[in-house]
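Undergrad: sequence unknown, structure follows:
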């Protein structure tokens, strides 16, 4: 999610990233809304809920939301987690009396508490945006500030029409950055050193904008940049590196992100022992959530099928009774069939959770046998993982470490809503962007 302004109109864009039935990670645009110059968390929360209901997206289907570091975005996600209308995801048929559920809070096998807490939406800070903030922190160093100030002063002078015209008449072209008459040798060397220093962060920034960026690759690029900056002497490099290390803890304060890196055989090694434990636990929580969602979906389908069968049997019974009022044996057979139909559970029981946990833990032992020596990317490794963890692995791998897809959406918005189309209506603009970004 992100916001932008175009033609003095404020827009809020929402993209979704998910895995389709063919295990392919997809990115779709679902909203480009005019916020009417409102940026408060309450308004944004209401807008997001309306969009989710429009597309019938359930709260428990959302693992994480990626935004920039703006405080209103963070507050919006916090309020979404506290919204009772979203938290109440159970159907009326699932309601049971509190006395019918016995929960031992001190028993690890009982996972009802984890099942409730996992419905929280995790907030992911945009990695590309965070990297730019770290670079900005490094450039705040006194030497860099003075150097950039000198460069800006020179640029202002060279953009003067008189000087620019003079340079074109004398040299036949505009100002060249290393022109000896305008640049002192010492200043030019410093600028070249700064350009060389910032070249690697620029390369990483471009790589973080990749559409198929996975969480494991993101962390590899992030750590690689820190490693390279540690080999460069100087206050600017040290300022960027220290800021990246400080901000890294905020980026990795997302259990879903840790789970996605945990199941990546090539880059699992980048996690600490504590992060490994958190990632493993979070991955199990995602698996348990998806297991419960499947039970609920199967229950709804089963109830519909059962109701259809029951109505058919009742209609057949009425016809037979009308034809033969003494056919009481058939009536008893129907009753026996009703009682022998399998009972559909409204939610997970302790036995279900214990069995699922045992099978999942055994599968994770096999997953951890895949490492860097396997020479498999995460997308190549997941089909080789045990079946019980594959869907969960695809789900966490779909987590986008950046919000670059929304930035691309706003780039398309800039092209479509040009100066000649400034009066384009919001619904038409949203429809055009929807077709442009979603239709292959």
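TA: Thanks, I have the structure now. Worth saying up front: this structure is predicted, and the values here are computed from it rather than measured.
Undergrad: use CA for all of it now, contacts and neighbours both
TA: OK.
Undergrad: quick one: low-confidence ranges for the stretch 101-250 of the chain?
TA: 101-119, 142-143, 155, 159, 171-190 (pLDDT under 70).
Undergrad: Please enumerate the strands of it.
TA: 122-125 (DSSP state E, counting those that start in this stretch).
Undergrad: tell me the domain ranges of this protein?
TA: For the chain, automatic domain parsing gives the domain ranges 2-89+403-438, 127-253, 282-397.
Undergrad: Between those, which one is closest to residue 275.
TA: Of all these, the one in closest proximity to residue 275, counting by CA to CA, is domain 127-253 (8.5 Å).
Undergrad: Residue 275 contacts residue 257, doesn't it?
TA: No - assessed by CA atoms under 8 Å, residue 275 is found out of contact with residue 257, at 10.2 Å.
Undergrad: Of those two, which one has the most company?
TA: Each of residue 275 and residue 257 has its neighbours counted (other CA atoms under 10 Å); residue 257 has more, 29 against 19.
Undergrad: The helix or strand encompassing the more buried one - what's its average pLDDT?
TA: Per DSSP states H and E: residue 257 is located in helix 255-262. Over the span of helix 255-262, the pLDDT mean works out to 96.
Undergrad: what sits up against it?
TA: Applying CA atoms under 8 Å, 6 or more residues apart in numbering, the contact partners of helix 255-262 are 63-64, 122, 124, 215-216, 252, 267-268, 271, 275-276, 278-283, 393, 396-397, 399, 401.
Undergrad: Out of the residues you listed, list just those in helices.
TA: 215-216, 275-276, 278-283, 393, 396-397 (DSSP state H).
Undergrad: Run through the helices of the stretch 301-440 of the chain in chain order.
TA: Per DSSP state H, counting those that start in this stretch, the stretch 301-440 of the chain carries helices over the ranges 328-340, 350-367, 378-381, 387-397, 404-416, 426-438.
Undergrad: Of those helices, which stretch is the most buried?
TA: A comparison of the helices of the stretch 301-440 of the chain by mean neighbour count, using mean count of other CA atoms under 10 Å, puts helix 387-397 on top with a mean of 21.
Undergrad: circling back to that earlier point, please convert the helices of the stretch 301-440 of the chain to JSON lines, extending it with mean pLDDT and distance to residue 144.
TA: Below are these laid out as JSON lines (pLDDT from 0 to 100; distance: least, CA to CA, whole Å):
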{"stretch": "helix 328-340", "mean pLDDT": "63", "distance to residue 144": "79"}
{"stretch": "helix 350-367", "mean pLDDT": "86", "distance to residue 144": "47"}
{"stretch": "helix 378-381", "mean pLDDT": "95", "distance to residue 144": "40"}
{"stretch": "helix 387-397", "mean pLDDT": "94", "distance to residue 144": "38"}
{"stretch": "helix 404-416", "mean pLDDT": "91", "distance to residue 144": "28"}
{"stretch": "helix 426-438", "mean pLDDT": "90", "distance to residue 144": "40"}
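Undergrad: Select, out of those, the one closest to residue 31.
TA: Of the helices of the stretch 301-440 of the chain, nearest to residue 31 by CA to CA is helix 426-438, at 7.0 Å.
Undergrad: Show me what the closest one packs onto, helices and strands only.
TA: strand 25-34, helix 404-416 (3 or more CA pairs under 8 Å, 6 or more residues apart in numbering; DSSP states H and E).
Undergrad: closest to residue 193 out of those?
TA: helix 404-416 (29.0 Å).
Undergrad: re the thing from before, taking helix 387-397 as reference, get the angle to the helix holding residue 257.
TA: If you take axes from the mean of the first three to the mean of the last three CA atoms, to 10 degrees, helix 255-262 sits at 120 degrees to helix 387-397.
Undergrad: Helix 255-262 to helix 350-367, inter-axis angle?
TA: 40 degrees.
Undergrad: residues of helix 255-262 that come out buried?
TA: With burial defined by 16 or more other CA atoms under 10 Å, the residues of helix 255-262 counted as buried are 255, 256, 257, 258, 259, 260, 261, 262.
Undergrad: same check, this time on stretch 73-85
TA: 73, 74, 75, 76, 77, 78, 79, 80, 81.
Undergrad: Just the closest of these to residue 55, please.
TA: Nearest to residue 55 among these: residue 80, at 16.8 Å, using CA to CA.
Undergrad: so the closest one makes contact with residue 47?
TA: No - Residue 80 is beyond contact range of residue 47, at 11.0 Å (criterion: CA under 8 Å).
Undergrad: how about stretch 279-289: buried residues?
TA: 279, 280, 281, 282, 283, 284, 285, 286, 287, 288, 289.
Undergrad: do the same with stretch 58-71
TA: Buried, per 16+ other CA under 10 Å, within stretch 58-71: 59, 60, 62, 63, 64, 65, 66, 67, 68.
Undergrad: Could you identify the most distant pair in those?
TA: Across the buried residues of stretch 58-71 (CA to CA), the longest gap, 22.6 Å, separates 60 and 68.
Undergrad: Residue 382 is nearest to which of the helices and strands packed on helix 426-438?
TA: Residue 382 sits nearest to strand 25-34 of all the helices and strands packed on helix 426-438, at 13.0 Å, using CA to CA.
Undergrad: and that closest one with helix 404-416, angle?
TA: Going by the same axes, to 10 degrees, strand 25-34 makes 50 degrees with helix 404-416.
Undergrad: Residues contacting strand 25-34, please?
TA: 9-20, 51, 398, 405, 426, 430, 433-434, 437-438.
Undergrad: One more pass at 7 Å, please.
TA: With contact meaning CA atoms under 7 Å, 6 or more residues apart in numbering, strand 25-34 is reached by 9-20, 398, 426, 430, 434, 437-438.
Undergrad: distance between that strand and the chain's centre?
TA: 13 Å (CA atoms, centre = their mean, to the nearest Å).
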